[in-house]
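Novice: Sequence and computational prediction follow.
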Amino acid sequence: MPPRPCPAATPAHDAAVDVAALRIDRTGTRDRRRRRGPGVVPLLLVALLAAGAFWFRTPLVAFLDRARLPRVAALRVVESHPAAAGAVRGAAANGYVVAARRAALSADAPGRIVEMNVTEGSVVRKGEVVARLYADEHRAALERARAELDAARAAVARAEAEHELARTRVEQRRRLVAAAEAALADAQASARLAAIRLQRAEDLRATGVRAQDAVDEALALRDQADAQVAAAQARLDAARADVVDAERQVAVAAADVAVSKAQAQVAAASADQAQATLEKTEVRAPFDGVVVLKDAEVGEVVSPYVQGGSDARGAVCTMVDFASLEVQAEVAEQSLAAVTLGASADVFLDAFPDKRYRGRVDRIWPTADRQKATVEVRIKLLEPDDKLRPEMGVRVVFLPPDADAEAPEARAARILVPETALVEVDGRAGVFVLERDVARFRPVTTGERRSARVEIIDGLRPGQRIVRDPPHELQDGDRVLVEEGS
């Protein structure tokens, strides 16, 4: 059939054609989508995964490292304490600084403190008054005793004066006796002369030369001379009696002197006792030292007879002689063989660990402590200084006999590492040094070993980190996982 001619265009027809042209062909769109590929959603997922891998790469790497790398503990290399370094060569022990001369001062008699002259840290000299107790009664008793002593001494002086006077009287009486003896001798001589004259007068009267009156006169003279002899004899006897009486008075006076002296000695003893009692109220330092503890205050009562339940203090203060400071160490029985009397020792204060004090073993206790299995050893400090304080903690290193010839710097701080850090590679001893997370083998020169530690002479320096206990399979250059806190 021949084609029909197109009808003439009308406005309605034109409108219908335009609407159909605007219709969307969905079937064609789906076909084009199929031809273009999978779409944008998978691409977005891939992009998100890539971004997540980028942002979380560090945790992922860490997770993978934890799964496949060996775990190791790290140790930072430091210069060991000189005490620890010395302990590698000799026995070591802990101890304390103690004073060989230490005293808790107290009064010899109970009393109340009225004066306190020291406090902690006070330096006192021997004989200085540390404290005084109430002493008014004792002071009054001393004054009374001194007055009685003065009276007794005055009585002695008086008795000695009377004794001297009595002795003077004896001498006077003896001189009177001598005078009486001389007078008696003179009277006797006169009597003999009178007797001779009487005899001569009688002879002359018999011959007629003299008269009777001459004989009578001679007889009278003789009788007078005899009377004088009798009187002189009486005076001599009286003088001798006076001497005996004076000598008795001397003996009495001497006895009075002895009694007075004895009484004076009693009074002196009483005064000394009162003085000693008064001195008991003064607490004095028995030696040069430093007060380390004040145990009482003014107003408190102290007594040397303190017992349980008493409110009195037993001591006023405690002082020590810093010149007698030494070290008391408790050495384990297993290490006692390394401690020799007179051997050298290094002492390190816990408060000043970098300073080394030279010492020497002074005493080793003859008994051990069975509870602690230790033996007490005392070390004399050869060069003490003002840093030392009683009861300070110390570390003592007992050195071997050859240490005396060793230079002091040779016993200075050294590098010590655990023996477990040492490994042997190709016949060489060394350690694994950590460079971040890579283990590098470093040969080292070792020294002495003791107590699971080894001295590193060469090959390490302070500040490096090493593997504490490297695994057997660890090789030079391997990456490792360092445990936290190492």
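Specialist: Now that the structure is in, tell me what you want to look at. On a predicted model such as this, the values are computed, not experimentally measured, just so you know. Numbering: from 1, shown residues only.

Novice: so who does the residue nearest the centre of the chain touch?
Specialist: For the chain, the residue nearest the mean C-alpha position is A99 (3.1 Å; C-alpha atoms, centre = their mean). Shown in contact with A99 (C-beta atoms under 8 Å, 6 or more residues apart in numbering): V320, D321, F322, S324, L325, E326, P390. To be clear about C-beta, it is placed using only N, CA and C from the backbone, and glycine gets the same treatment.

Novice: got it, and E330?
Specialist: Residues near E330 by C-beta under 8 Å, 6+ apart: A93, N94, G95, D369, K372, T374, V375, E376, V377.

Novice: A329 too?
Specialist: Neighbouring residues of A329 by C-beta under 8 Å, 6+ apart: A93, N94, G95, E376, V377, R378, I379, V394, V396.

Novice: now with 6 Å?
Specialist: A93, G95, V377, V396 (C-beta atoms under 6 Å, 6 or more residues apart in numbering).

Novice: V454 is in contact with E419, correct?
Specialist: Yes: contact criterion C-beta atoms under 6 Å: E419 and V454 qualify, at 5.2 Å.

Novice: which of those two has more neighbours?
Specialist: Between E419 and V454, counted using other C-beta atoms under 10 Å, V454 has the larger neighbour count: 23 against 12.

Novice: beta partners of that one?
Specialist: Per DSSP bridges, the residues bridged to V454 are V417, R449.

Novice: likewise L105?
Specialist: In this entry, L105 is beta-bridged to C317, by DSSP bridges.

Novice: What is the burial count for it?
Specialist: The number of residues packed near L105 is 20, by other C-beta under 10 Å.

Novice: Hmm, G314 and it touching each other?
Specialist: No: with contact defined as C-beta under 6 Å, L105 does not reach G314; the gap is 10.4 Å.

Novice: What ranges in the stretch 1-150 of the chain fall below the confidence cut-off?
Specialist: The stretch 1-150 of the chain contains residues with pLDDT under 70 at 1-41, 48-67, 80-90.

Novice: For it, which segments are assigned as strands?
Specialist: 71-72, 74-76, 91-99, 102-105, 111-116, 123-124, 129-133 (DSSP state E, counting those that start in this stretch).

Novice: Now do the buried residues in the longest one.
Specialist: Using 16 or more other C-beta atoms under 10 Å as the burial criterion, the residues of strand 91-99 that qualify are A91, A92, A93, G95, V97, V98, A99.

Novice: Give me the sheet partners of that strand and which way each runs.
Specialist: In the sheet, strand 91-99 lines up against strand 325-332 (antiparallel), strand 393-398 (antiparallel) (DSSP bridges).

Novice: deepest of the ones you listed, which one?
Specialist: Across the strands paired with strand 91-99, the average number of neighbours (mean count of other C-beta atoms under 10 Å) peaks for strand 393-398, which reaches a mean of 23.

Novice: I'd like the average pLDDT over that strand.
Specialist: Taken as a whole, strand 393-398 carries a mean pLDDT of 91.

Novice: Let me have that strand in PDB, keeping just the CA atoms, if that works.
Specialist: Taking Å, rounded to 0.1, in the frame of the first residue of the first chain, the C-alpha atoms of strand 393-398 are listed here in PDB:
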ATOM      1  CA  GLY A 393      72.800   3.500 107.200                       C
ATOM      2  CA  VAL A 394      75.900   2.300 105.400                       C
ATOM      3  CA  ARG A 395      77.000  -0.300 102.900                       C
ATOM      4  CA  VAL A 396      80.300  -2.000 103.800                       C
ATOM      5  CA  VAL A 397      82.500  -3.700 101.200                       C
ATOM      6  CA  PHE A 398      85.100  -6.000 102.800                       C
END
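
Novice: shouldn't V301 be in contact with V114?
Specialist: No: in this structure V301 lies outside contact range of V114 using C-beta under 6 Å: 11.1 Å.

Novice: The two - which one has more neighbours?
Specialist: Using other C-beta under 10 Å as the criterion, V301 and V114 rank with V301 on top: 17 against 14.

Novice: Please name the bridge partners of that one.
Specialist: Counting by DSSP bridges, V301 is bridged to R112.

Novice: now the residue nearest to the residue nearest to the centre of the chain when sequence neighbours are not counted: how far from A296?
Specialist: Closest residue in space to A99, ignoring its immediate chain neighbours: V320 at 3.8 Å, by C-beta to C-beta, 6 or more residues apart in numbering. The gap separating V320 from A296 is 18 Å, by C-beta to C-beta, to the nearest Å.

Novice: follow-up on the earlier one: mind putting the buried residues of strand 91-99 into a markdown table with distance to A182?
Specialist: Listed next are the buried residues of strand 91-99 as a markdown table, based on distance: C-beta to C-beta, whole Å:
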| residue | distance to A182 |
| --- | --- |
| A91 | 104 |
| A92 | 106 |
| A93 | 102 |
| G95 | 97 |
| V97 | 93 |
| V98 | 90 |
| A99 | 86 |
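
Novice: now, which of these sits nearest A343?
Specialist: Nearest to A343 out of these is A91 (C-beta to C-beta; 10.1 Å).

Novice: List the contacts of the closest one.
Specialist: Each residue near A91 by C-beta under 6 Å, 6+ apart is listed here: S335, A338, F398.

Novice: With distance to A183 added, can I get these in JSON lines?
Specialist: Formatted as JSON lines, those follow (distance: C-beta to C-beta, whole Å):
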{"residue": "S335", "distance to A183": "108"}
{"residue": "A338", "distance to A183": "107"}
{"residue": "F398", "distance to A183": "104"}
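
Novice: Pull out the buried residues from the contacts of A99.
Specialist: Taking 16+ other C-beta under 10 Å as the criterion, what is buried in the contacts of A99 is V320, D321, F322, L325, E326, P390.

Novice: Give the helix, strand or coil label for the last one.
Specialist: Pointing back at P390 there. coil (DSSP: H, G, I helix; E, B strand; the rest coil).

Novice: mind giving me the domain split of the protein?
Specialist: Structural domains assigned to the chain are 11-64, 71-80+414-482, 89-101+321-411, 105-133+283-318, 137-279, following automatic domain parsing.

Novice: got any ranges where the stretch 351-486 of the chain has weak pLDDT?
Specialist: Using pLDDT under 70, the flagged stretches of the stretch 351-486 of the chain are 402-413, 450-451, 485-486.

Novice: can you give me the strands for it?
Specialist: With DSSP E, counting those that start in this stretch as the criterion, the stretch 351-486 of the chain has strands at 356-369, 374-381, 393-398, 415-418, 423-425, 428-435, 438-443, 445-450, 453-458, 465-467, 481-482.

Novice: same question, the stretch 201-350 of the chain
Specialist: Applying DSSP E, counting those that start in this stretch to the stretch 201-350 of the chain gives strands spanning 282-284, 289-294, 301-302, 317-320, 325-332, 344-349.

Novice: any idea of the mean pLDDT in the third one?
Specialist: Model confidence over strand 301-302, given as mean pLDDT, is 88.

Novice: outside of that strand, which residues touch it?
Specialist: The contact list for strand 301-302 (C-beta under 6 Å, 6+ apart) reads S106, A107, R112, A296, A312, R313, V316.

Novice: nearest spatial neighbour of R192, skipping sequence neighbours?
Specialist: The spatially closest residue to R192, leaving aside those adjacent along the chain, is A225, at 7.8 Å (C-beta to C-beta, 6+ apart).

Novice: mind listing the helices for the stretch 151-300 of the chain?
Specialist: For the stretch 151-300 of the chain, applying DSSP state H, counting those that start in this stretch gives helices covering 212-279.
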